[in-house]
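J.: only geometry, no sequence info:
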């Protein structure tokens, strides 16, 4: 059965403002920052189709469990689902488990092409894959479509891909178009070359690079909708500091202090990490991933009950080492979790 999903949003105004530090990004210094509205939380779905967490003991949920998670998310007011063809069979599972009348705004992504140079043939393949995603999801349109492998867009011939996405947007089947990025340099290159509507980027209480550089503020000023991923750094913030494998040794004291200050504020670690992000007025949606309804309930209850509580001096938890805050540089998940 085919379902309609809301698709569309106008471009915001864009200017040539450059990145630079700005303390007003932090809610504690900015009374006008948005409230901790559960509708600003979005549900990531990689864990529905892949073994995604740092802890290999965390198993993928089955379809009845996924249906329960989706129902609980919808009941809470959460309305963004983030998915991709690369997330195993996540799109197909969503298509089978979402009710016909769901109101989720779905964001999916493009194929990650291995080629060094993009051609019109890659653009055709992007469009073909997108329509397969619509079929798997059982929808006629999606809220957003993002380039999954940003090097495809920024490399030679990347304009072919963006033109294909613009066609899909003009056809009304992709409301917003953009890219999933990893670094400040990528953000600057994209903003210089392409009129994107939507971006997904990594930011967490440990990974504050794009806050400190001012790139979140620049995106806000350009009218780009920002979705933040890696809020829990794939579970690293929950790891026992005393049992960390050697790769994460340098962050052990930071994790211990995070636990202490979260408790000091009357928060658990997950709530402290999420409220830090929800208190940033330049983030539109904070993506989280769960494998159990009980996990989602705990997260939602924590945010609901947090009131005005916040962790003291969150800037002090910023970790500069890319080997810690970039999961692409981590050892294999299963190896890490087994150590």
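T.: Structure received. All of these numbers come straight from a predicted model, not from anything done at the bench. Numbers count the residues shown, from 1 in each chain.
J.: going forward, measure contacts between C-alpha atoms and count neighbours the same way
T.: Will do.
J.: what comes up buried for the helix ranked longest in the chain?
T.: Secondary structure of the chain per DSSP state H: the longest helix is helix 120-137. Buried residues in helix 120-137, counting neighbours by 16 or more other CA atoms under 10 Å, are found at 122-123, 125-127, 129-131, 133-137.
J.: do the same with stretch 181-190
T.: Under the neighbour-count criterion of 16+ other CA under 10 Å, stretch 181-190 has 181, 182, 184, 186, 187, 190 buried.
J.: which residues touch that stretch?
T.: Stretch 181-190 is contacted from outside by 150, 154, 196, 199, 200, 201, 202, 210, 213, 215, using CA atoms under 8 Å, 6 or more residues apart in numbering.
J.: rerun that using 10 Å as the cut-off
T.: Contacts to stretch 181-190, defined as CA atoms under 10 Å, 6 or more residues apart in numbering, come from residues 18-19, 146-151, 153-154, 178-180, 192, 196, 199-203, 209-211, 213-216, 218-219, 326, 328.
J.: Which of the residues you listed fall within strands?
T.: Counted as lying in strands by DSSP state E, out of the contacts of stretch 181-190, are 146, 147, 178, 179, 180, 199, 200, 201, 202.
J.: what's around the first one, how many residues?
T.: Neighbour count for residue 146, taken as other CA atoms under 10 Å: 26.
J.: again, but for the one 3 residues further on
T.: For residue 149, the count of nearby residues is 18 (other CA under 10 Å).
J.: ok, now the one 4 residues further on?
T.: For residue 153, the number of neighbouring residues by other CA under 10 Å comes to 23.
J.: ok, residue 151 touching residue 161?
T.: No - between residue 151 and residue 161 there is no contact under CA atoms under 10 Å: 11.3 Å.
J.: So which of those two has more stuff around it?
T.: Using other CA under 10 Å as the criterion, residue 151 and residue 161 rank with residue 161 on top: 24 against 18.
J.: my read is that one is in a helix, agree?
T.: Yes - the assignment for residue 161, made by DSSP: H, G, I helix; E, B strand; the rest coil, places it in a helix.
J.: Now do the same contact list for residue 39.
T.: Counted by CA under 10 Å, 6+ apart, residue 39 has contacts 73, 74, 76, 77, 78, 79, 80, 284, 285, 286.
J.: What confidence value was assigned to it?
T.: Looking at residue 39, its pLDDT reads 93.
J.: quick one: it from residue 300, how far?
T.: 11 Å (CA to CA, to the nearest Å).
J.: cool, and residue 117?
T.: According to CA to CA, residue 117 stands 44 Å off from residue 300.
J.: just to revisit the earlier point, got JSON lines for the buried residues of helix 120-137, with pLDDT too?
T.: What follows is those, written out as JSON lines (pLDDT from 0 to 100):
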{"residue": "122", "pLDDT": "98"}
{"residue": "123", "pLDDT": "98"}
{"residue": "125", "pLDDT": "98"}
{"residue": "126", "pLDDT": "98"}
{"residue": "127", "pLDDT": "98"}
{"residue": "129", "pLDDT": "98"}
{"residue": "130", "pLDDT": "98"}
{"residue": "131", "pLDDT": "98"}
{"residue": "133", "pLDDT": "98"}
{"residue": "134", "pLDDT": "98"}
{"residue": "135", "pLDDT": "98"}
{"residue": "136", "pLDDT": "98"}
{"residue": "137", "pLDDT": "98"}
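J.: could I get those as TSV with distance to residue 105?
T.: As requested, these are exported to TSV (distance: CA to CA, whole Å):
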residue	distance to residue 105
122	26
123	24
125	24
126	21
127	20
129	19
130	16
131	17
133	14
134	13
135	16
136	15
137	12
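J.: wait, which of the residues you listed is closest to residue 69?
T.: Using CA to CA, residue 137 comes nearest to residue 69 of the buried residues of helix 120-137, at 16.7 Å.
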